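Peer 1: next come a sequence and a model predicted from it.
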Amino acid sequence: MGTDFILQARNLSKAFSGVKALDGVDFDVVRGQVHALAGENGAGKSTLMRVLARIDSADSGEVAFNGRVIRMIHQELMPFPEMTVAENISMGREPTRWMPGWLDKPAMNRTAQRLLERLGVALPPTRKMKDLSVAEMQTVEIARALACEADVILMDEPTSAISGREVEALLDVIRDLQRRGVAVIYTSHKLDEIFRIADAVTVLRDGRLVATLPIGELDENRLIALMVGRELETAPPAARKERGEVALEVRGLSRPGRFRNVSFQVRRGEILGIAGLMGAGRTDLAAAIFGLKPAGKGEILVGGRKVQIESPADAIACGIAMVGEDRQEYGLVPRMSVKHNITLASLRRCCRGPVIDHRIENDVAGTQIRAFSIRTRDRNQQVRFLSGGNQQKVVIAKALLADPAILILDEPTRGIDIAAKAEVYAIVSRLAREGKAIIMVSSELPEILSLSDRILVMRGGEITAELNPRDTTQEEILKYAVPN
């Protein structure tokens, strides 16, 4: 292999359960280069990264690396929940003082503070990981990779859970890494990020190498066509009918340290978008309405009737369903089948008396698989083997099996590709046309603008604006989202 590259891979192949995730892939990275990996979910991007990082072994092929350290930022988060932010960042490189084994926690806190400030995030180093949102955990994972001072950093969907300001800070950090000669291998389903930061792009499809090109030889349409193997039709969603009566109302909802005095309504057939930066309180608000982390003060009304929601079971009984921001943690049981994941929360529908009737369960699961166009080998396939987009459709299908009147979507397209996003958008628009009241939390402003009927902006735990998506811009949303 040549000496002009910091990393070279040749003829890499890898299979899982007989399914080829990589099939003879070649991949080269130059020192100081940002090299993007593009492709649909299931194309092999994450598998390639895991092989390069030596987390997984290739079945065949070879990798040559002329450097000291490779560090990977994973799409699916892997925190140590009972440990602090600083302890997670320093894991494996803990400073000591006085004697071996005696941790220098003040030094750990100072290092964490410096790295988090570099990313533009105000996050106490002493907070435990289990108390963080997914977006905050993602930022800690990025800081942890930066602490390694690696020669190559692999970033697998690093911005999937963080909002605009944190994305800008990360892109600035990547440019700084380039100047220091660090190579960055970058995957993202946000094509604008690829065009802003990448020097070269490698496209994978079904585990095979499609093309490696300089960014200057690509535009968005050509990149999409290479990714999906066809021109992607992006027809606008059909117009929805007039909104119906108020389905959900919250009055003065508060939870100390998270959000305060939040009041709003959402009507049947309406999509209410909630925008804001990381830590603005959006996810905490959604979790409170669904009973995951109940509010300490305020009222929730469903269909004009005051209800007490202290748990998800209470919310479901009130006709509320939720698709959370972390499908691996809250939405799926990865080693269970597609069928069992879909029916898990609604098993009473599949019973005759006290016994599950597997014929009914098969019919129910099959209906949902068809209704949501879930691409799976069969209903008994383990859900962990599905692409991210199809996993997300399983989570949505499960939530809707109980036929809720109100649906809360928290980052519904996190970590899924552009074609899968289009499918999820079509599902959300169809549900609204059918009369569902939908609350959609999203860090992607184009998503908020294109799907919402109204937009609430949160900052510091409060609603700072209500905007009409047809009369506003991303810049105006950010004006109300960014702290003064």
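Peer 2: Perfect, thanks for sending it.
Peer 1: hey, let's count contacts and neighbours off CA atoms from now on
Peer 2: Fine.
Peer 1: quick one: contacts for residue 364?
Peer 2: Taking C-alpha atoms under 8 Å, 6 or more residues apart in numbering, we find residue 364 in contact with 343, 350.
Peer 1: quickly find the element holding it.
Peer 2: Residue 364 is part of helix 358-371 when elements are defined by DSSP states H and E.
Peer 1: beyond that helix, next helix or strand please.
Peer 2: Following helix 358-371 in sequence order, the next helix or strand is helix 388-400 (DSSP H and E).
Peer 1: what does that following helix rub up against?
Peer 2: The set of residues external to helix 388-400 that reach it, using C-alpha under 8 Å, 6+ apart, is 41-42, 321-323, 327, 331-332, 338, 341-346, 368-369, 372, 374-376, 383-384, 412-413, 415-417, 420-421, 424.
Peer 1: can you dump the C-alpha atoms of that helix in CSV for me?
Peer 2: Extracted in CSV, the C-alpha atoms of helix 388-400 (Å, rounded to 0.1, in the frame of the first residue of the first chain):
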residue,chain,number,x,y,z
GLY,A,388,-32.4,2.5,11.0
GLY,A,389,-35.3,3.8,8.9
ASN,A,390,-37.2,0.5,9.1
GLN,A,391,-36.5,0.3,12.8
GLN,A,392,-38.0,3.8,13.2
LYS,A,393,-41.1,2.6,11.2
VAL,A,394,-41.4,-0.3,13.6
VAL,A,395,-41.4,2.1,16.6
ILE,A,396,-44.1,4.2,14.9
ALA,A,397,-46.2,1.2,14.0
LYS,A,398,-46.0,0.0,17.7
ALA,A,399,-47.1,3.4,19.0
LEU,A,400,-50.0,3.6,16.6
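Peer 1: show me what whatever helix or strand comes next after that helix is packed against.
Peer 2: Downstream of helix 388-400, the first helix or strand assigned by DSSP H and E is strand 406-410. In this structure, strand 406-410 packs against helix 282-289, strand 320-323, strand 437-441, with contacts taken as 3 or more C-alpha pairs under 8 Å, 6 or more residues apart in numbering; DSSP states H and E.
Peer 1: using JSON lines, lay out the ones you listed together with mean neighbour count and mean pLDDT.
Peer 2: As requested, the helices and strands packed on strand 406-410 are exported to JSON lines (neighbours: other C-alpha atoms under 10 Å; pLDDT from 0 to 100):
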{"stretch": "helix 282-289", "mean neighbour count": "23", "mean pLDDT": "94"}
{"stretch": "strand 320-323", "mean neighbour count": "26", "mean pLDDT": "94"}
{"stretch": "strand 437-441", "mean neighbour count": "27", "mean pLDDT": "97"}
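Peer 1: closest to residue 69 out of the ones you listed?
Peer 2: helix 282-289 (35.2 Å; C-alpha to C-alpha).
Peer 1: which SSE is residue 455 in?
Peer 2: strand 454-459.
Peer 1: now do residue 27
Peer 2: Using DSSP H and E, the element containing residue 27 is strand 19-29.
Peer 1: give the buried residues for that strand.
Peer 2: 21-29 (16 or more other C-alpha atoms under 10 Å).
Peer 1: and residue 265, how far from residue 152?
Peer 2: 48 Å (C-alpha to C-alpha, to the nearest Å).
Peer 1: more crowded one of these two?
Peer 2: residue 152 (29 against 16; other C-alpha atoms under 10 Å).
Peer 1: check the gap between that one and residue 100 for me.
Peer 2: Counting by C-alpha to C-alpha - residue 152 and residue 100 are separated by 30 Å.
Peer 1: with residue 329 instead?
Peer 2: 36 Å.
Peer 1: of those two, give the one with the bigger neighbour count.
Peer 2: Applying other C-alpha under 10 Å to residue 329 and residue 100 shows that residue 329 carries more neighbours, namely 13 against 8.
Peer 1: so the more buried one, which of the three states?
Peer 2: helix (DSSP: H, G, I helix; E, B strand; the rest coil).
Peer 1: renumber starting at 14 from here on
Peer 2: Let's use 14 as the start, then, which means that last one is residue 342.
Peer 1: so what pLDDT did residue 340 get?
Peer 2: If you check residue 340, the pLDDT there is 75.
Peer 1: for residue 88, that is, sorry about that
Peer 2: 65.
Peer 1: likewise residue 249?
Peer 2: Note on residue 249: pLDDT of 45.
Peer 1: who does the strand or helix carrying residue 435 touch, helix- and strand-wise?
Peer 2: Following DSSP H and E, the helix or strand that holds residue 435 is helix 431-446. Counting by 3+ C-alpha pairs under 8 Å, 6+ apart, the packing neighbours recorded for helix 431-446 are helix 401-413.
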